[in-house]
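1. Task: produce atomic coordinates for the following.
(chains A, B and C)
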Amino acid sequence: MRTLFKLAVTAAMLAAGAFAATPASAADPLKVGFIYVGPIGDHGWSYQHDQGRLAIEKEFGDKVETVYVEKVAEGPDAERAITRLARQGAGLIFTTSFGFMEQTLAVAKKFPEIKFEHATGYKQADNVATYSARFYEGRYVIGQIAARMSKSGVAGYVASFPIPEVVRGINAFLLGAQSINPDFKLMVVWVNSWFDPGKEADAAKVLIGQGADIITQHTDSTAPLQIAEEQGVTGFGQASDMIKFAPKAQLTAIIDDWSAYYIERTKAVLDGTWTSGDVWGGMGAEMVVMADYTNMPDDVKAMAEETEAKITSGEFHPFTGPIYKQDGTLAVEEGKVLDDGTLLGMNWYVQGIDDSLPQ
Amino acid sequence: MRLVLERRAERSKLMTWLSPLLAVGLTLVTGAVIFSLMGLDPARALYVYFLEPVLWWWSLEELVVKAAPLVLIGVGLAVCFRANVWNIGAEGQLTMGALFGSALPILWHEFQSFPVMVLMLALGALGGALYAAIPAFLRTRFGTNEILTSLMLVYVAQLIADWFIRGPWRDPAGFNFPKSVQFEGWQLLPTLGDGRIHLGAGLALVAVAVLYVVMSRTLKGFEVRVVGTAPRAGTFAGFSSKRMVWFCLLLSGGLAGLAGICEVAGPSGHLQPAISPGYGFTAIIVAFLGRLNPVGVLVAGVMLGISYLGGEAAQIDLGISDKTAQVFQGILLFFILACDTLILYRIRLLRPHTA
Amino acid sequence: MTGLEAVILTIITASTPLLLAAIGELVVERSGVLNLGVEGMMVVGAVCGFATAYTTGSPYLGVLAGVLAGMGMALLFGFLTQSLATNQVASGLALTLLGLGLSGVIGESFTGLPGVKLQPLDIPVLSDIPFLGPILFGQDVLVYTSFALVFAVSYTMSRTRTGLVIRAVGDNHHSAHALGYNVIAVRYGCILFGGACAGLAGAYLSLAYTPQWVENMTSGRGWIALALVVFATWIARRVLIGAYLFGAVWIMGLYAQALGIGIPSQVLSSFPYLITILVLVLISRNRTLTKINTPACIGQTFVPDR
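-> The predicted structure is shown next:
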């Protein structure tokens, strides 16, 4: 035993000498780092970002090298993980959760030569750009589909946390539905988790039990859609195409597609043209992609495709007035479009939702 | 063949020191095998895992940042567990400490002078202690088991914090995102130089030193040990078991709360829904790995910190997944626990009796 | 389906994994062992159950694999704590860490695949009875198993010699040893039973509750199961009450939200925890009853003197 132990120690010591880090030289490939908040096996948010990472590898081949750290807790751990990526010679780092905002900025300050991209935040710096996707565009489309497909006129919404992103999605969904059926009703259940299949399933069952015949979700797992399939109602996929899980129930899915943006930004760093900025792309930028429209009559499909095309071309904005807040006050005048600042910090419901938001 | 443990006449002094080394050796060997099977160079893998975290100053700083809350909570829990008081809810007490301490910078952001820092730390400790007082009260008044109450209260604390951070305490200029205002000046703990090591690490060391003296040199420490090992003898000696429950829970709750506010006012700088990556639960392992001894807890906290940092380095340098790192960490813990057995026992392999 | 029927059906699925895991841990603790690794055994059971069912197409083989996987993890815990006399609390927590990692490694290639659902039994004719039919006769086999286990454990613990021995070992291992019982063997048996139940609970999650595999899909249910054993004051039938109380309060919270009654969701989500505490406080006021059933040797290491 003792000899084995000695051997191991000697080996470790030898290794210490042999593998001291060497600084990156110009000929080396560009190292692109990713920080994920969840496991890439979540098949939702972090999974889709990792798909973007793989797209970069596919696009640039030998010119890039990608590394990632998954399940990074928001807080001090994130600062360390980002620092480590920076110290290991990454030239471009994507931090893919809102909770990494301050940490990204702090590390960016110490490494001015490295470019940082922070998802869903609102603070930029010379070497920190922010990006996010206008998922609400997709939610408007599915709202319209829901109103056409629903017999009861009631949809159920499995929601995660009351943050502007989620509230915006709920509003866009209802606005879409109301454009077809002004009396459409929406029930919201908050599960206080991004990811807990069991709880999400419970919430879906409760909503169906209360008369909802359309289930939609802003949580990451496939559970709500599976419940819809099981109970013979329809619903929508979230983050990725979930048709495999609900071949009879999925009407369409809102897919997060970061590939185009990630490739563009990596190319910019390789070309030396990267500049900071704030990108909030939607269907037009191919960040928000709709899965195939399935399990619906052709006229509904045609309507959905038409709306999608109008939003993609910029002809139509889901938050076009008149829009009334929950309490009846006018939020957007007829013909006007809600500005991005208000959209970004949205913390009020449109008229027609029973739920109340924490203030 | 059968494996049999034989009790030693007394604790083996040699093994007390040798067993951790043996555990590390076994882990290295096992690790080398696993990494080779995965097609990695075992020497390089082990180097990345165990040595890299302690070879650079910045990484050492991060190690201290990671270990400080584990040690701070772990020493308090060690006293608790010594006295057979089962506080499983340090995570909730940490959350409450963070929330109490943050009240000042959030509600009174202009308050900028030395007292604010002292008050924040005091409020943090108070918040943790008050939250731990709930299981203490229920246990001493109604006999309710503290394993359940302290654990359930963790979830409640997190929901309370969630409500505050998403509701009234969010940054008014923060587009309604779940995050408080950034703390400034005196509201942040002082750091060592420009680096990341903050006052929390110093407090952890103080806590270790004080509790070491208390446990080994004072009547209170004696009382804790007697009540824990022989409650009946404790009663005869006039020690009140109710007072002991209060003492242990308030102490460990206070330290957990202190760790909470140190996280927020130290490396974080603001309040957000994810206050701790489970420090309150990890500290339970730290307490036991440290053999419920304050100095041992210090060593164990650092050791666990290395295994976290190493796991992260391995993800980046070796491309192994976080899951593999976690498995490796589990194996390391098992080896440490198993080797500790050698302190009290000898292991004998017996051949089956043949006729 | 009527509203009430839907409520009851939802409560049953939400409570079953808690009940399964808790009844196993109850036996473990009754024998004087505290295994905090329920979450770890459960999550490994979930992934092995899913992987086997997916590969073979048979959910029943999946259930079996889940049980065996849970027992495998439990065996590791048993070896450490019984044969090597390690600290139980730390070993249990390490087991949870290991289980979460291991399940991730095993499940890597099974993420994002639709699973095989364990179908309800649908006893003909009986399950067609309105209201009571689906609730009483339309469940899957694991729901019935969970109830059967509660009654079996309850009976075994209070009425049989096996139960007597387990209790004796848990209450005073030294005298049990002196009486000639093999303390270590009894505890091994109980630990394995606990592992089997935790594995079953995990398989229920990945095969019946939400037929899919995703990392950390147990989401802390193992911890709730642990708390429920304490809630039950180590009496088997009370585990049933505890699991269903917890499940019911949780589901009612979701209903309250769907109805839009305007209470913050955080408050509603905290009710299951607070009500469990409250009920335990009410129960534990009867101290003699609690004391009689608390295994006196819980968490203590036992090594037979030779």
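
2. how many neighbours does residue A:303 have?
-> Other residues lying near residue A:303 total 18 when counted by other CB atoms under 10 Å in any protein chain shown. For every residue, glycine as well, the C-beta is placed using N, CA and C.

3. Find the helix or strand that it is a member of.
-> Using DSSP states H and E, residue A:303 falls within helix A:298-313.

4. same for that helix, what does it pack against?
-> helix A:135-149 (3 or more CB pairs under 8 Å, 6 or more residues apart in numbering or on different chains; DSSP states H and E).

5. what angle do the helix it packs on and helix A:298-313 make?
-> 160 degrees (axes from the mean of the first three to the mean of the last three CA atoms, to 10 degrees).

6. Briefly note if helix A:135-149 comes near chain B.
-> No. Judged by CB under 8 Å from any CB of the partner chain, helix A:135-149 stays clear of chain B, getting no closer than 14.9 Å.

7. Show me the shaky parts of the stretch 251-359 of chain A.
-> For the stretch 251-359 of chain A, applying pLDDT under 70 flags the ranges A:358-359.

8. same deal with chain C?
-> For chain C (pLDDT under 70), the answer is C:1-2, C:289-290, C:306.

9. The helix ranked longest in it packs against which elements?
-> Using DSSP state H, we find that the single longest helix of chain C is helix C:3-30. Using 3+ CB pairs under 8 Å, 6+ apart, the elements in contact with helix C:3-30 are helix A:197-209, helix C:38-56, helix C:141-159, helix C:161-171, helix C:183-204, helix C:221-231, helix C:236-259.

10. Could you pull out the buried residues of the third one?
-> Taking 16 or more other CB atoms under 10 Å in any protein chain shown as the neighbour-count basis, helix C:141-159 is seen to contain the buried residues C:141-143, C:145-146, C:149-150, C:153-154, C:156-157.

11. quick revisit: would you reformat the helices and strands packed on helix C:3-30 as a markdown table and include distance to residue A:190?
-> Rendered in a markdown table, the data for these read as follows (distance: least, CB to CB, whole Å):
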| stretch | distance to residue A:190 |
| --- | --- |
| helix A:197-209 | 8 |
| helix C:38-56 | 24 |
| helix C:141-159 | 28 |
| helix C:161-171 | 42 |
| helix C:183-204 | 25 |
| helix C:221-231 | 19 |
| helix C:236-259 | 6 |
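
12. per-residue confidence at residue A:93?
-> Each residue has a pLDDT score; the one for residue A:93 is 97.

13. Residues in a beta bridge with it, which ones?
-> Beta-bridge partners for residue A:93, by DSSP bridges, are residue A:33, residue A:116.

14. what's near enough to touch residue 222?
-> If you meant another chain, say so; for now it's chain A. A:43, A:197, A:237, A:242, A:245-246, C:114, C:210, C:212 (CB atoms under 8 Å, 6 or more residues apart in numbering or on different chains).

15. The chain in question should be chain C.
-> C:21, C:37-43, C:96, C:198, C:201.

16. And it, how close does it get to residue C:95?
-> Relative to residue C:95, residue C:222 is positioned 10 Å away (CB to CB, to the nearest Å).

17. got any residues that touch both of those two?
-> C:37, C:40-41.

18. can you give me the helices in the stretch 151-300 of chain B?
-> B:199-217, B:219-229, B:231-236, B:241-263, B:279-289, B:294-317 (DSSP state H, counting those that start in this stretch).

19. Is it possible to get those helices out as CSV so that each row also shows mean pLDDT, distance to residue C:62 and mean neighbour count?
-> CSV is the format used below for the helices of the stretch 151-300 of chain B (pLDDT from 0 to 100; distance: least, CB to CB, whole Å; neighbours: other CB atoms under 10 Å in any protein chain shown):
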stretch, mean pLDDT, distance to residue C:62, mean neighbour count
helix B:199-217, 95, 46, 18
helix B:219-229, 87, 45, 18
helix B:231-236, 80, 47, 13
helix B:241-263, 95, 41, 27
helix B:279-289, 92, 30, 28
helix B:294-317, 91, 31, 23
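
20. any chance of the ones you listed in a markdown table, with distance to residue C:301 too?
-> Compiled in a markdown table, those are given as follows (distance: least, CB to CB, whole Å):
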| stretch | distance to residue C:301 |
| --- | --- |
| helix B:199-217 | 21 |
| helix B:219-229 | 13 |
| helix B:231-236 | 17 |
| helix B:241-263 | 21 |
| helix B:279-289 | 12 |
| helix B:294-317 | 18 |
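
21. Quick one: closest of those to residue B:10.
-> helix B:219-229 (16.0 Å; CB to CB).

22. got a list of contacts for that closest one?
-> B:79, B:81-84, B:214-215, B:233-234, B:237, B:239, B:241, B:244, B:247-248.

23. now do 7 Å
-> The contact list for helix B:219-229 (CB atoms under 7 Å, 6 or more residues apart in numbering or on different chains) reads B:79, B:82-84, B:214-215, B:233-234, B:237, B:239, B:241, B:244.

24. Show me which pair in the residues you listed is furthest apart.
-> The widest separation within the contacts of helix B:219-229 (CB to CB) is 20.2 Å, between B:214 and B:233.

25. need the shared contacts of residue C:222 and residue C:95 in TSV with neighbour count and distance to residue B:200, can you?
-> Below are these laid out as TSV (neighbours: other CB atoms under 10 Å in any protein chain shown; distance: CB to CB, whole Å):
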residue	neighbour count	distance to residue B:200
C:37	31	30
C:40	33	30
C:41	37	35
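
26. what's the closest of these to chain B?
-> residue C:40 (8.4 Å; CB to the nearest CB).

27. and the residue nearest to that closest one when sequence neighbours are not counted, how many neighbours does it have?
-> Excluding the flanking residues, the one nearest residue C:40 by CB to CB, 6 or more residues apart in numbering or on different chains is residue C:99, at 2.5 Å. Neighbourhood size, residue C:99 [other CB under 10 Å]: 32.

28. With residue A:135 instead?
-> Count around residue A:135 with other CB under 10 Å applied: 22.

29. Pull up the residues of the stretch 1-150 of chain B that are close to chain A.
-> Applying CB under 7 Å from any CB of the partner chain, we find that the stretch 1-150 of chain B lies next to chain A at B:25, B:28-29, B:32, B:43-44, B:46-47, B:50-51, B:58, B:62, B:65.
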